[in-house]
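Chemist: With the input below, show me the fold.
(chains A and B)
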Amino acid sequence: MASIKGSGRRGIALHTSLIAGVLLSAFPFYWAVIMSTHTSSEIFSYPPKLLPGSHFTENVRHLFDTVDFFGSMANSLLVATVVTFLVLFLDSLAAFVFAKFEFPGKNALFALLMLIFMVPAQMAAIPQFVIMAKLGWIGSMTSLIVPAAANAFGIFWMRQYMRSAIHDELLDASRLDGANFLRQYWHVALPVVRPGLAFLGIFTFMSQWNDYAWPLIALTNPDNVTLQVALSQLNGTHGTTDYGMVMTGAVLALIPLLIVFAVGARQIIGDLAKGAVRG
Amino acid sequence: MVVAEQTPPAVDRPRPATAPPRTGWRKHWHLYAAISPFYLLFLAFGLIPVGFSLYLSLHRWDGLGSMEWAGLTQYQYLFTDTDFWQSIGTTLIIWALATFPMIFLAMVTAVMLNSAVRFKNAYRFAYFLPNVTSVVAVAIVFGSVFSTNFGLVNALLQAVGLDQVAWLNTPWGIKVAIATLMTWQWTGYNAIIFLAGLQTIPGDLYEAARIDGAGPVQTFFRITLPLLRPTLLFVLVVSTVTGLQSFSEPQVLLQTTANESTFSGGPDHAGRTMVLYFFQQTFDNNDFGYGAAVAWGIFLVVVLFSIINWRLVQRRGEQ
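Modeler: Purely as a prediction, here's the structure:
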């Protein structure tokens, strides 16, 4: 394994392999952008088109004529933002408890959480729909926001992260200073785990943004859909789909995610964590 | 690190009232209060639906008419259902083809990113790109990458004088295509998780190792890997759970080559994962009761494999 400082011959080798990885991981993405500039028949021609075409604006116009792109984007933004903040708060609070404290029933409660995490999400969809219908939430954004706020993955992630990032000495010291549980959570734990929170936040936002199976079921009102549901309606029956337009929609739908990621990515590097655990 | 070793929980409920000694929960009330919002949501939208699906699996129901008690017959049938066993095999093969390269590549990438001082943000951004892309877009891209007549992979094969492969029409081609898609989509994501784990390792340890004269390889196996074990466990469990529940990847990738329905998993059902089979039984056959039984079968397979993986990694690390 290369654990080298980025200088000299080893530094060049390092950057070369990293760039090769970048090309591999960015290529399909690049190709998606390329496809959004072609017509469907150009996309399925041989040899494959690797350079931009001239149909982007046409695809965009076609897309905006077919679906309410900005309306559904606003719905997606609302759902993804609210869910992200709920998940960050609820999961970090619970994960702090599981990572750093002992209490009766802790292991059983955590095991229960892990077991439910292993249940295929689709398995609960039918009963969930019935419960939502009883609560009268079907068709509203509440049906997307509330169940998503209970995110077992997030607790698992934050717990693993907190176990190594928050040192016990730090908590002991704050306890000696008279900090109660909430102060420890807010002033000691949260600042240390900001990179972990940033990752969870970005990932939650992203998976909410890209989710389409549940919104497709729960949002019965066609005027009130999220972006992915709107895009999935573009997938016509076999053979008639305008792939150029679908790809344009998929690529445009990425822009808010890229902005969120660019803003949050800075937090993922743990300089903060290093500074905090040193003392 | 207690998770998978627990016996399945039977009685404990999130409310403090059921925790054993009164003085115990009184002393810890703030901890229960802190986890209770999560567990209340979890009860309503996790546990109750799952309990209902257990009830469903003991009945025959077409989704419209009345339910009819079936007892354990659905499970008896499930046990002898060769299609279900085949879907388990398909899922495990795809999972293995995707997961091992993915974890290896992700770890190598993370170690490299952790030492590369310049352009760190740009690299992370590029490596994360595959994961932000929606599965519909990814599937269309990979459908054309692996297309027999127009595909990039076959164009490359021909360019070096090899024969074309009908990727989306042969049993192994389908599995390789799905696994490649999953590896592509998740390597950068896991690299960033590993990177976050690496960031929590104190720099002093590396300094001490360097003073003791340890080389990069020794440092990796003696310091990085052991201290990264919690992260590795996390990545492995999450990859097992999500990989064994893979659904949208084969569904979207193979829907245009499907011979019967969009849940059939392509020619010869070669890409029919367990969850696709669940969808086929539930929604194509309108057999909600049997679908629920299939879901519980999937659940058992996932739990079993998660425990095996967890144990393997943990034991090897302890010695």
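
Chemist: Now for residue 144: which residues touch it?
Modeler: Answering for chain A, as no chain was given. A:Val79, A:Val83, A:Gln208, A:Trp214, A:Pro215, A:Ala218, A:Leu219, A:Thr226 (C-beta atoms under 8 Å, 6 or more residues apart in numbering or on different chains). Using the backbone N, CA and C atoms, a C-beta is placed for each residue, glycine as well.

Chemist: sorry, should have said chain B
Modeler: For B:Ser144, the contacting residues are A:Trp31, A:Met35, A:Ile43, A:Phe44, A:Pro48, B:Phe150, B:Gly151, B:Leu152, taking C-beta under 8 Å, 6+ apart as the criterion.

Chemist: Please apply the same query to B:Leu276.
Modeler: Shown in contact with B:Leu276 (C-beta under 8 Å, 6+ apart): B:Ser87, B:Phe247, B:Pro250, B:Gln251, B:Phe263, B:Ser264, B:Gly265.

Chemist: and the fifth one, how far is that from chain A?
Modeler: B:Phe263 is 11 Å from chain A, where distance means C-beta to the nearest C-beta, to the nearest Å.

Chemist: Check the burial of residue 120 by counting its neighbours.
Modeler: The chain I'm using is chain A. Neighbour count of A:Pro120, defined by other C-beta atoms under 10 Å in any protein chain shown: 21.

Chemist: To clarify, I was referring to chain B.
Modeler: Here the number of neighbours of B:Lys120 (other C-beta under 10 Å) works out to 18.

Chemist: That one touches B:Ala110, doesn't it?
Modeler: No - using C-beta atoms under 8 Å, B:Lys120 is not in contact with B:Ala110, being 11.6 Å away.

Chemist: Check the contacts of B:Leu276 against A:Gly196 and report the nearest one.
Modeler: Proximity of those to A:Gly196 was ranked by C-beta to C-beta; the top entry is B:Phe247 with 27.8 Å.

Chemist: State the pLDDT value of that closest one.
Modeler: At B:Phe247, the predicted lDDT confidence score is 82.

Chemist: That one reaches B:Thr273, doesn't it?
Modeler: Yes - taking C-beta under 8 Å as the contact criterion, B:Phe247 and B:Thr273 are neighbours in contact, 6.5 Å apart.

Chemist: Which one's more surrounded, the two?
Modeler: The residue with more neighbours, out of B:Phe247 and B:Thr273, is B:Thr273; 29 against 21, by other C-beta under 10 Å.

Chemist: can you pull the contacts of the residue lying closest to B:Asp268 once chain neighbours are set aside?
Modeler: Leaving aside its chain neighbours, B:Asp268 sits nearest to B:Pro171 (5.9 Å; criterion: C-beta to C-beta, 6 or more residues apart in numbering or on different chains). Going by C-beta under 8 Å, 6+ apart, B:Pro171 touches B:Pro267, B:Asp268, B:Ala270.

Chemist: so who does A:Met247 touch?
Modeler: Under the contact definition (C-beta under 8 Å, 6+ apart), the residues listed for A:Met247 are A:Ala32, A:Met35, A:Ser36, A:Ile43, A:Asn59, B:Ala137, B:Ile140.

Chemist: Of all those residues, the one with the weakest confidence?
Modeler: A:Ile43 (74).

Chemist: So what's the residue count around that residue?
Modeler: Taking other C-beta under 10 Å as the criterion, the count of residues near A:Ile43 is 23.

Chemist: In the biggest helix by length in chain B, which residues are buried?
Modeler: Scanning chain B for the longest helix, with DSSP state H as the assignment, gives helix B:82-115. Neighbour-count burial for helix B:82-115, with 16 or more other C-beta atoms under 10 Å in any protein chain shown as criterion, is recorded at B:84, B:86-88, B:90-95, B:97-99, B:102-103, B:105-115.

Chemist: Then stretch A:75-94?
Modeler: Residues of stretch A:75-94 classed as buried: A:75-77, A:79-80, A:82-84, A:86-88, A:90-94 (neighbour count, 16+ other C-beta under 10 Å).

Chemist: likewise stretch A:169-189?
Modeler: Along stretch A:169-189, the positions that meet the burial threshold by neighbour count (16+ other C-beta under 10 Å) are A:Leu170, A:Leu171, A:Ser174, A:Ala179, A:Phe181, A:Gln184, A:Tyr185, A:Val188, A:Ala189.

Chemist: Stretch B:277-284 now?
Modeler: B:Tyr277, B:Phe278, B:Phe279, B:Gln280, B:Gln281, B:Thr282, B:Phe283.

Chemist: try stretch B:40-57
Modeler: When neighbours are counted by 16+ other C-beta under 10 Å, the buried residues of stretch B:40-57 are found to be B:41-50, B:52-53, B:56-57.

Chemist: got JSON lines for the residues you listed, with secondary structure, distance to B:Val132 and pLDDT too?
Modeler: JSON lines is the format used below for the buried residues of stretch B:40-57 (DSSP: H, G, I helix; E, B strand; the rest coil; distance: C-beta to C-beta, whole Å; pLDDT from 0 to 100):
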{"residue": "B:Leu41", "secondary structure": "helix", "distance to B:Val132": "26", "pLDDT": "89"}
{"residue": "B:Phe42", "secondary structure": "helix", "distance to B:Val132": "27", "pLDDT": "85"}
{"residue": "B:Leu43", "secondary structure": "helix", "distance to B:Val132": "32", "pLDDT": "86"}
{"residue": "B:Ala44", "secondary structure": "helix", "distance to B:Val132": "30", "pLDDT": "85"}
{"residue": "B:Phe45", "secondary structure": "helix", "distance to B:Val132": "26", "pLDDT": "84"}
{"residue": "B:Gly46", "secondary structure": "helix", "distance to B:Val132": "26", "pLDDT": "82"}
{"residue": "B:Leu47", "secondary structure": "helix", "distance to B:Val132": "31", "pLDDT": "85"}
{"residue": "B:Ile48", "secondary structure": "helix", "distance to B:Val132": "33", "pLDDT": "88"}
{"residue": "B:Pro49", "secondary structure": "helix", "distance to B:Val132": "29", "pLDDT": "87"}
{"residue": "B:Val50", "secondary structure": "helix", "distance to B:Val132": "30", "pLDDT": "86"}
{"residue": "B:Phe52", "secondary structure": "helix", "distance to B:Val132": "34", "pLDDT": "88"}
{"residue": "B:Ser53", "secondary structure": "helix", "distance to B:Val132": "31", "pLDDT": "88"}
{"residue": "B:Leu56", "secondary structure": "helix", "distance to B:Val132": "35", "pLDDT": "88"}
{"residue": "B:Ser57", "secondary structure": "helix", "distance to B:Val132": "36", "pLDDT": "90"}
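
Chemist: Just give me the closest of those to B:Ile223.
Modeler: Within the buried residues of stretch B:40-57, the smallest distance to B:Ile223 is 37.4 Å, found for B:Phe42 (C-beta to C-beta).

Chemist: is it true that the closest one touches A:Leu113?
Modeler: Yes - using C-beta under 8 Å, B:Phe42 is in contact with A:Leu113, at 7.3 Å.
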